[in-house]
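Colleague: the amino acid sequence is not available; the structure is as follows:
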Ligand SMILES: Cc1cc2nc3c(=O)[nH]c(=O)nc-3n(C[C@H](O)[C@H](O)[C@H](O)COP(=O)(O)OP(=O)(O)OC[C@H]3O[C@@H](n4cnc5c(N)ncnc54)[C@H](O)[C@@H]3O)c2cc1C
């Protein structure tokens, strides 16, 4: 039965994945969806539409909300077959990685019906409004206020480090709805349309020239009370649930389906002897990374199976985030060595793959900060996983 499904998926992918979508994704051709998506490569639009029509951008979400309705083993087969063919992910999405799972758990039927299909189809792009200038690791200190006036919340305050806010359509946001309650008790989780006069997203320009982050300012911004997720003042629990999904997504970030294995890349570029990499020291470090990575992948697979059986990862997602981001950093350190002096080239001539690897190497440093820093993950593991005082 599963073999039939595998054959079906393989056939469908062969017939429907456009040729250029079977090559590694260049950063500028990534598809994040939403109203402002430009589709630099027209085949990426075709690929997204075909995958979304099958619900395979969110393979395991229920069909009722536009998902693929696949069982865990089927979703794994789809992932393996996409990997085999070198398919690009059709859609990168905070909606799929973070908001969707939380809506499935805490949203009302109306909220699920309104938002989930648009996420699956990549019609609406979401960003995450958690951090504030004085609330990063200590997230519960957040001060952005939301007051209920009639049927609407009026929001005032600001968020910072909001990835891609200027390209996003909606923001899922933590706001303070009761300033007199204890830190965690007065927080609510709500959805806000960014296309309104009271919301301004200002890009923060980095030293690299890129602006992946923004500051977001709310000045009497409005959102309907229907956009409150979960109970009023009960947002902290939802915030934490979303962070477990975010941390899990970040921990898997080193698994790029369309990327050639590190060993093959190394063999293309470095001297070999008898089919082996000639540099014994490098070979050993590469082998050690591969072993750690394989062990981590298997651990993640096991965790996924537990989750499908109803087990919640809870604080354990901090272990995956910590380990996955450290592995990711080690991987890009090795890739920099493979590329040698080519990895110093930032733009202009040279191999685009090397330039991408350099950007990925720099980006991997941020992995251990976003979604909570490594130090914070260590605190969570100490307290909540190991039960230390
Ligand atoms: C690539 C990237 C993308 C991001 N995207 C988003 C986004 O889309 N939305 C969003 O809301 N935020 C986003 N962030 C922000 C991120 O969540 C925060 O940067 C992070 O939570 C840390 O907060 P901070 O920057 O205020 O650092 P701080 O909290 O000020 O921490 C500074 C240093 O002190 C350490 N520290 C703080 N408290 C403790 C403690 N109790 N024990 C031990 N060490 C401690 C930290 O580990 C860190 O090294 C992003 C960050 C990055 C790097």
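Modeller: Okay, I see it. These numbers come from a predicted model, not from an experiment.
Colleague: list the contacts for residue 163?
Modeller: 94, 127, 128, 212, 213, 214, 370 (C-beta atoms under 8 Å, 6 or more residues apart in numbering). Any C-beta I mention is one placed from the backbone N, CA and C, and that applies to glycine too.
Colleague: now with 6 Å?
Modeller: Listed by C-beta atoms under 6 Å, 6 or more residues apart in numbering, the contact set of residue 163 reads 212, 213.
Colleague: ok, residue 57 next?
Modeller: 51, 90, 91, 120 are the contacts of residue 57 under C-beta under 6 Å, 6+ apart.
Colleague: narrow those to those that are buried.
Modeller: 51, 90, 91, 120 (16 or more other C-beta atoms under 10 Å).
Colleague: could you identify the most distant pair in these?
Modeller: Farthest-apart pair in the buried ones among the contacts of residue 57 is 90 and 120; separation 10.6 Å (C-beta to C-beta).
Colleague: one step back: and the ligand, which of the buried ones among the contacts of residue 57 reach it?
Modeller: Contacts with the ligand within those, counted by C-beta under 6 Å from any ligand atom: none were found.
Colleague: of these, closest to the ligand?
Modeller: residue 91 (17.3 Å; C-beta to the nearest ligand atom).
Colleague: SS state for that closest one?
Modeller: coil (DSSP: H, G, I helix; E, B strand; the rest coil).
Colleague: does stretch 236-252 reach the ligand?
Modeller: No: applying C-beta under 6 Å from any ligand atom, one finds stretch 236-252 separated from the ligand by no less than 9.0 Å.
Colleague: buried ones in that stretch, by neighbour count?
Modeller: Residues of stretch 236-252 classed as buried: 236, 238-239, 241-252 (neighbour count, 16+ other C-beta under 10 Å).
Colleague: give me the subset of those lying in helices.
Modeller: If you go by DSSP state H, the buried residues of stretch 236-252 have 236, 238-239, 241-251 in helices.
Colleague: tabulate the contacts of residue 57 (JSON lines), appending pLDDT and distance to residue 5.
Modeller: Output for those, formatted as JSON lines (pLDDT from 0 to 100; distance: C-beta to C-beta, whole Å):
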{"residue": "51", "pLDDT": "98", "distance to residue 5": "16"}
{"residue": "90", "pLDDT": "97", "distance to residue 5": "19"}
{"residue": "91", "pLDDT": "97", "distance to residue 5": "22"}
{"residue": "120", "pLDDT": "98", "distance to residue 5": "20"}
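Colleague: could you measure from the nearest residue to residue 51 once chain neighbours are set aside over to residue 30?
Modeller: Leaving aside its chain neighbours, residue 51 sits nearest to residue 90 (4.1 Å; criterion: C-beta to C-beta, 6 or more residues apart in numbering). Residue 90 sits 11 Å away from residue 30, going by C-beta to C-beta, to the nearest Å.
Colleague: what's the answer for residue 86, then?
Modeller: 16 Å.
Colleague: ok, now residue 40?
Modeller: On the measure of C-beta to C-beta, residue 40 and residue 30 end up 9 Å apart.
Colleague: got a list of contacts for stretch 340-360?
Modeller: 332, 335, 336, 339.
Colleague: out of those residues, show me where the pLDDT dips lowest.
Modeller: Across these, the smallest pLDDT goes to residue 339, namely 83.
Colleague: how about the host helix or strand of that residue: buried residues?
Modeller: Assigned by DSSP states H and E, residue 339 belongs to helix 317-339. Within helix 317-339, the residues that count as buried by 16+ other C-beta under 10 Å are 317-332, 334-339.
Colleague: after it, next one along is what?
Modeller: helix 352-367.
Colleague: how close does residue 64 get to the ligand?
Modeller: Distance of residue 64 to the ligand, given as C-beta to the nearest ligand atom, to the nearest Å: 29 Å.
Colleague: ok, residue 202 next?
Modeller: Residue 202 is 14 Å from the ligand, by C-beta to the nearest ligand atom.
Colleague: would you mind measuring from that residue to residue 43?
Modeller: Distance from residue 202 to residue 43, by C-beta to C-beta: 33 Å.
Colleague: contacting residues around whatever residue of the stretch 51-200 of the chain ends up closest to the ligand?
Modeller: Nearest to the ligand in the stretch 51-200 of the chain, going by C-beta to the nearest ligand atom, is residue 136, at a distance of 1.8 Å. Going by C-beta under 6 Å, 6+ apart, residue 136 touches no other residue.
Colleague: ditto for the one 10 residues further on
Modeller: Residue 146 is in contact with 153, 155, 175, 177, counting by C-beta under 6 Å, 6+ apart.
Colleague: among those residues, which lie within strands?
Modeller: Counting by DSSP state E, these place 153, 155, 175 in strands.
Colleague: so which of those is the closest to residue 76?
Modeller: Nearest to residue 76 among these, counting by C-beta to C-beta, is residue 175 at 37.6 Å.
Colleague: okay, and the beta partners of the closest residue to the ligand within the stretch 201-350 of the chain?
Modeller: Closest contact between the stretch 201-350 of the chain and the ligand, by C-beta to the nearest ligand atom, is at residue 213 (6.4 Å). Beta bridges link residue 213 to residue 163, residue 204, judged by DSSP bridges.
Colleague: residues from the stretch 1-150 of the chain in reach of the ligand?
Modeller: 127, 128, 129, 130, 131, 136, 137.
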